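Trainee: The following comprises the amino acid sequence and a computationally predicted model.
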Amino acid sequence: MEIHMLHLDVEMKVDGYKDIMYAMRKIFGEKKIRAAIADAANRAAQGIGTDAKRMIRDRWGLKPAYVMERFKVNKATAGQTHIEATAIFHGKPIPLIDLAPTPSSVTSKRPKSGIKVKGLSNAKFQHAFIARMESGHIGVFQKITPGKKRPRLPIGEMFSLSLPQMIYDKKGGGEIRETLRKNSGERFETRFLQQIERMRKEREENERLYLCGSGFCVQALHYRGYFVALIFILYLSRWSIRGAL
């Protein structure tokens, strides 16, 4: 059975913000800015999985654990030429038994009303039934017409879309993919601005030096390795004289 994959990339589009990015690189340095971009991209990509498991559960009835077992993130790093994180969903077509069918357990007779599947908008399968195979596997089955490829199989298990198809395909919930893209962009922006604010505070704190004596402190500013100290020195002289008195 074919395995489907869906890649959602998270990256920073700098077009239209080149002047701003240039200024931030000058202030904080290229290395720190690239690290902030990678961190924000990774946070946004991880958030795609968090959002997806909730929306897939609400739309299709799949358990969150099922979604997360088929989700991974290729993380961004500051050393990448083009910084991006990739959220990947993979999986085979999903058995109907995993989409909250009613009834949900094996019955001695085929239900007269067939099987209703919550994950398929309560669609009904009139001739379907739930059975346990000799291997112990339980699934939703229906009779199939024997053909050249499967002449000995009187019944076949029923499947739905794969997880990537549920997210991407318009019939399977294309709105989910668009919501994931929108939320990841917002999450990226929020995290990136948080990182910039953190660096600003760190820089501000590193540029403040204090000399203390006689119960009070004098503040000096430090800029690119040099003391802005003219007024500071004059103030210290006055303070020293007063201390001597």
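Mentor: Cool, the structure landed. Predicted model only: the values in this text are computed from it and were never measured. Numbering: from 1, shown residues only.

Trainee: For burial, what's the neighbour tally of residue 73?
Mentor: Residues lying near residue 73 (other C-beta atoms under 10 Å) number 19. Every C-beta, even on glycine, is put in place using the N, C-alpha and C of the backbone.

Trainee: now for stretch 166-178, what's the gap between its first and last residues?
Mentor: 12 Å (C-alpha to C-alpha, to the nearest Å).

Trainee: ok, residue 132 touching residue 97?
Mentor: No: look at residue 132 against residue 97 with C-beta atoms under 8 Å: they stay out of range, at 10.6 Å.

Trainee: overlap in contacts of those two?
Mentor: Common contacts of residue 132 and residue 97, defined by C-beta atoms under 8 Å, 6 or more residues apart in numbering, comprise residue 138.

Trainee: in the protein, which helix or strand is least confident?
Mentor: Every helix and strand of the chain was ranked by mean pLDDT, DSSP states H and E. The lowest is helix 230-244, at a mean of 35.

Trainee: Between residue 132 and residue 97, which has more neighbouring residues?
Mentor: Neighbour totals were compared for residue 132 and residue 97, and residue 97 leads with 20 against 11 (other C-beta under 10 Å).

Trainee: Identify the residue spatially nearest to the more buried one, adjacent ones excluded.
Mentor: residue 139 (4.8 Å; C-beta to C-beta, 6 or more residues apart in numbering).

Trainee: Spit out the contact partners of the one you found.
Mentor: Residue 139 touches 95, 96, 97, 130, 131, 133, 157, 158, counting by C-beta under 8 Å, 6+ apart.

Trainee: Pick out the most distant pair among these.
Mentor: 96 and 133 (14.6 Å; C-beta to C-beta).

Trainee: So for those two, which sits in the more crowded spot?
Mentor: A count of neighbours by other C-beta under 10 Å puts residue 96 above the other of residue 96 and residue 133, at 24 against 11.

Trainee: What sits closest to the more buried one if chain neighbours are left out?
Mentor: residue 140 is the one closest to residue 96 (C-beta to C-beta, 6+ apart), at 4.0 Å.

Trainee: does the one you found sit in a helix, a strand or a coil?
Mentor: strand (DSSP: H, G, I helix; E, B strand; the rest coil).

Trainee: dump the residue contacts of it.
Mentor: Here residue 140 is in contact with 95, 96, 97, 101, 115, 117, 125, 128, 129, 130, 157, 158 (C-beta under 8 Å, 6+ apart).

Trainee: Give me the buried positions along the top helix by length along the chain.
Mentor: The longest helix of the chain (DSSP state H) is helix 174-206. Neighbour counts using 16 or more other C-beta atoms under 10 Å place 176, 177, 180, 183, 184, 187, 188, 191, 192, 195, 196, 199 of helix 174-206 among the buried residues.
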